[in-house]
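>>> following is a predicted model, sequence given first.
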Amino acid sequence: MHDTGTAHSHGPDHGHAGAHGHDAGHGGHHEPGFLRTWVFSVDHKVIGMQYAVTGLLFLMFGFCLMMLMRWQLAYPGEPVAWLGAILGEARMPGGVMLPEFYNELGAMHGTIMVFLGVVPLAVGGFGNFVVPLQIGAPDMAFPRINMMSYQAYLLGGVTMLASFFVPGGAAQSGWTSYSPLAALAGSGQTWWLIGMVLLITSSLLGAINFIVTIVQLRTKGLTFFRFPFFVWAQFVTSFLLLLAFPPLEAAGVLQLMDRLAGTSFFMPSGLVVSGQALDISGGGNPLLWQHLFWFLAHPEVYVLILPALGIVAEIIANNTRKPLFGYRIMVWSLIFLGFTSFIVWAHHMFMTGMGTVMSAFFQTTTMIISIPSVIILTSLMLSLWGGSIRFNTPMLFALAFLPMFGIGGLTGLPLGLNITDIPLHDTYYVIAHFHYVVAPGTIFALFAGIYHWFPKATGRAMNETLGKIHFWPSFIFMNVVFMPMFIVGLAGVSRRLYDGGLTYDFARPVLHWNAVSSWGAWMLGLAQVPFIINFFWSIRHGRKVDRNPWQATTLEWAAPSPPPHGNFETEPVVHRGPYEYSVPGAKTDYLPQCDAAEAR
Amino acid sequence: MEIPWVVTARQDTGLNNGKIGIWLFLASEVMLFGALFATYILLRVGAPTWPLGSSILNVPMATFNTVVLISSSVTMVMAWASVMRRRFAAYRGYMGATVVLGFVFLVVKYFEYSAKFHHELFPRTNTFLAIYFTLTGLHMLHVIGGMAVNAWFWGPGARLYHENPEWFANRVENSGLFWHFVDLVWIFLFPVLYLL
Amino acid sequence: MGDHSADIDRHVRIYVVVFVTLMALTLITVAVSYLHLPLPYAVAVALAVAITKGSLVACYFMHLISEKRLIFMVLALTVVLFLALMMLPIFTVANRVEIQ
């Protein structure tokens, strides 16, 4: 692929800004070594797979942290001898979990799942692998920056993991790291902050790459409103990452200064700790941390959901053999959602003493933002109407996503209104709400995506039977874990209590639900085993398939499976929209975007 | 396998990849420094008293530094113009001047900071100094980064001028955009911290 | 970029004018600070000068005045979000519930 449509092409353009080195494999001279191919690759597909595998490993690790927490919640104070032996006296003396350890698990579970698991898989993994293929590009606009973005993520992840081994253990001030608690916490918090700076750097580099790639490297005929919805989702997500992350990076630097340089950015005057007045200047404001944190963290939850909506849209269109209902309005909703996500953040702060004016402002923007969400979800549901539905594994996960995301979204409404937020804030209701959106929501969509695009990445299909064995228990146990949490939260049980509410009288009637959730979680863990087996087995022994096993319309299916370096044998030219399924009068029930015949 | 639109502009957007990339990066930097300015606002409004900048900080030194940085922006854009006019010697002169002026800025900053430390004025002393050191410190890191890139394009990177002058012009322009941004941040930093 | 020599000459003249203007504005803003105006006025003047200087740097040194639409749109979005970040936290903290 080379410059199309312009007169000047000054010799071999070796990629992008970067003064040295050459693209691996260019021109077919010497074969690049193992390191260049698999560790320091600049190919978006390899980088995508690196992100995906690393992300999946972190998801598994974060899940294990949660399974540990759930023992303590189900059976508070009960020892687990063999765990105590492994984890040691500092964390589980006599096999009983210390509150500090519980806090470590809680903070790191959240951090790892959000920043090291879901986003790297959804954006770094799926985004990197699929987007260039779906727009007919040979790679990302800045391949070397792409590689650096992964390296920064890996380094950030290693930093986070290493923090478990420092004196005092890993961060234990919640994934939200509120000051002053986080400022006074042990050295694990410093490592957390450094890890976050690395992860943010990775995301910023990635976001820039995605935006430039989508705008500049889309192939001939691919106008913006012919993009697959997945591309739009990644495009908007990239803007969220680009513009929302820097304030958290700044806040991280400020908290590091508070911890290491003795400043008082977030430390109020007159702070007394354990009877001793702190020797600091004071004059800082803990709310400042909250504003800067949530300025990122609210758009971050849309970063968690948008790629998932994109994946579900692709799979639904493909498996209903119908165009998406309301594609254009879905796109405009996506754009509006992205913009609005920047001005709702203080609905996480209704309990900080804000007055009625600002409270009303944030309630209003929060209610408004539910509109585009509902439009998108409704369009996806309406897309099923009249379809010839194929109930394969990706479709099962995509279908389950719809009501699960619906529950998650609807349960968010009371949280967005300050009156109803008062009794619900920081309870298990909140945990249930956001887990519904991210776990049987986003993570189901990510599973769907893996089953859907696995054939493109490997040339082999995953096993359908194992897929269904993975799906049904996962779906059931997700609900077993999280549905009871609404009940527990409505009863008033706070989150982050290491004993699950045991010491509170009012919690007594609902405490038994903790054990239900825990058993659900452990069974959910078991339910992932067929997936892990399927994934690795199918890489070598999966049924071989041709380049378009799903009879799909989007461009990635026109490339070989797996695509070579440079992706397409000839530059694809797009003649139609992304979801031309069951077009009346057409010979087949799908018209690939780049098929010249029967051009519109 | 070539990545298109690295050197030439894509017709419908009218832009090459690097230029969009650098502007997006600058947008993220606006938000980064924005957070620190928001910090300044919150801390100042919440403080019972706040010192006048000139009572603690050295306004003449900072004014001099402002002149230095603005001048370096001029030499930077002249460096780019020289590449566009294919005047390599002029390019090297202007780019060299830009690097030197950046160095002068850093030297002045060194004297400023050491004077503060000498008088026992540290970030932990009060919130004014905390935000002063953080804002100017982060800005200084950006100056160093920009200087490193500019020095590269003055030195070893200048080879590209002879191989592919159009591509080189793009890259000088993009570095210039970063350098002007560094100047732009200082244009706001200076009055806010020193004069108010 | 394809600019011709005459174009660049015109640009260079503009750069010199902008440079002189920036110097003048710098001196003005420092001079005004010696007047020790009441804070709201001092802030207004300082910001007005800074915005003017910044706009000159952006429009002429960074060529924004002749830049393509896509760049403008990204920057417009950024400016809006920047303003939100400047204003919303302080409004929220200031709009405090006072316990009597």
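Yep, that arrived. Numbering: from 1, shown residues only, chains lettered A, B, ... in the order given.
>>> tell me where chain B has helices.
B:17-46, B:53-56, B:59-84, B:88-118, B:127-154, B:159-163, B:165-190 (DSSP state H).
>>> ditto for chain C
Assigned by DSSP H, the helices in chain C fall at C:5-33, C:39-56, C:69-94.
>>> out of the ones you listed, nearest to B:D12?
For B:D12, the closest of those is helix C:69-94, at 9.7 Å, according to CB to CB. The way it works is simple: take the backbone N, C-alpha and C, and place the C-beta from them, glycine included.
>>> hang on, the earlier thing: which among the helices of chain C is found nearest to A:A90?
Distance to A:A90, taken as CB to CB, is lowest for helix C:69-94 among the helices of chain C, at 39.0 Å.
>>> just the buried positions in that closest one, please.
For helix C:69-94, a neighbour-count test (16 or more other CB atoms under 10 Å in any protein chain shown) marks C:70-71, C:74-75, C:77-78, C:81-82, C:84-86, C:88-90, C:92-93 as buried.
>>> helices or strands next to it in the packing?
Judged by 3 or more CB pairs under 8 Å, 6 or more residues apart in numbering or on different chains; DSSP states H and E, helix C:69-94 is in contact with helix A:229-260, helix A:286-320, helix A:356-382, helix B:17-46.
>>> now the angle from that helix to helix B:17-46?
20 degrees (axes from the mean of the first three to the mean of the last three CA atoms, to 10 degrees).
>>> before we move on, the earlier item: reformat the helices of chain B as CSV; add distance to chain C.
Converted to CSV, these look like this (distance: least, CB to the nearest CB, whole Å):
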stretch, distance to chain C
helix B:17-46, 4
helix B:53-56, 7
helix B:59-84, 5
helix B:88-118, 11
helix B:127-154, 14
helix B:159-163, 15
helix B:165-190, 5
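>>> let's have the ones you listed in JSON lines, adding mean pLDDT and mean neighbour count.
Putting the helices of chain B into JSON lines (pLDDT from 0 to 100; neighbours: other CB atoms under 10 Å in any protein chain shown) gives the following:
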{"stretch": "helix B:17-46", "mean pLDDT": "97", "mean neighbour count": "23"}
{"stretch": "helix B:53-56", "mean pLDDT": "94", "mean neighbour count": "16"}
{"stretch": "helix B:59-84", "mean pLDDT": "96", "mean neighbour count": "22"}
{"stretch": "helix B:88-118", "mean pLDDT": "97", "mean neighbour count": "17"}
{"stretch": "helix B:127-154", "mean pLDDT": "97", "mean neighbour count": "20"}
{"stretch": "helix B:159-163", "mean pLDDT": "94", "mean neighbour count": "13"}
{"stretch": "helix B:165-190", "mean pLDDT": "96", "mean neighbour count": "24"}
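>>> need the residues of the stretch 351-500 of chain A near chain B, please.
Neighbours of chain B within the stretch 351-500 of chain A, by CB under 8 Å from any CB of the partner chain: none found.
>>> all helices for the stretch 351-500 of chain A, in order.
Taking DSSP state H, counting those that start in this stretch to define them, one finds helices in the stretch 351-500 of chain A at A:356-382, A:393-416, A:418-424, A:428-437, A:444-458, A:464-490.
>>> elements contacting the shortest one?
Based on contacts counted as 3+ CB pairs under 8 Å, 6+ apart, the elements that helix A:418-424 packs against are helix A:393-416.
>>> now the angle from the helix it packs on to helix A:356-382?
Using the same axes, to 10 degrees: helix A:393-416 against helix A:356-382 is 160 degrees.
>>> does helix A:393-416 come close to chain C?
No - figure legend: helix A:393-416 not in contact with chain C (CB under 8 Å from any CB); closest approach 15.8 Å.
>>> same for that helix, what does it pack against?
Where contact means 3+ CB pairs under 8 Å, 6+ apart, helix A:393-416 is packed against helix A:286-320, helix A:356-382, helix A:418-424, helix A:428-437, helix A:444-458, helix A:464-490.
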